[in-house]
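Participant: what follows is a protein structure lacking sequence information:
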């Protein structure tokens, strides 16, 4: 964009980018028997609520939003922990283990380990 920036044009451009990325105000992910609703920070399998912390929900929502994409431990740590946090990369491993345990009954996805890098979600068909 050229300066001075026209705010109306900026809003239109942002809306277009969000529309192309399929990001809306009312975000939800529905895969198989799994439903994630970002506005409620809730997850359910076959209508049964799955209790999640905000961090667990955010990690899972991001990974399912970009299913098949590998995320490094460092990337997930940077996204979901404070910069002043003393958490190590192993904190990500703990959260992934918790997510795997909580969602072992779903047939919707699997969290795979990418050795030497991190994790990715794979949608089951």
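Facilitator: All right, it came through fine. Values in this document were obtained by computation on a predicted structure and should not be read as measured data. Residues are numbered from 1 along each chain as shown.
Participant: wait, doesn't residue 71 sit right on residue 63?
Facilitator: Yes: at 6.3 Å, residue 71 counts as touching residue 63 under the criterion of C-beta atoms under 8 Å. Quick note: C-beta positions are derived from backbone N, CA and C, even for glycine.
Participant: quick check: neighbours shared by these two?
Facilitator: By C-beta atoms under 8 Å, 6 or more residues apart in numbering, residue 71 and residue 63 have these common neighbours: 119-120.
Participant: and the strands in the chain?
Facilitator: Using DSSP state E, the strands found in the chain span residues 28-31, 34-37, 42-45, 48-49, 71-72, 109-114, 118-123.
Participant: and the third one, which residues are buried?
Facilitator: Read it as strand 42-45. Neighbour counts over strand 42-45 (16 or more other C-beta atoms under 10 Å) mark 43, 45 as buried.
Participant: in its sheet, what does it sit against?
Facilitator: strand 34-37 (antiparallel), strand 48-49 (antiparallel) (DSSP bridges).
Participant: how about these, which one is nearest residue 107?
Facilitator: Closest to residue 107 of these is strand 34-37 (C-beta to C-beta; 8.5 Å).
Participant: so for that closest one, mean pLDDT?
Facilitator: Per-residue pLDDT values over strand 34-37 give a mean of 92.
Participant: residue contacts, residue 106?
Facilitator: 32-34, 45.
Participant: ok, and the most crowded of the residues you listed?
Facilitator: residue 34 (21 neighbours; other C-beta atoms under 10 Å).
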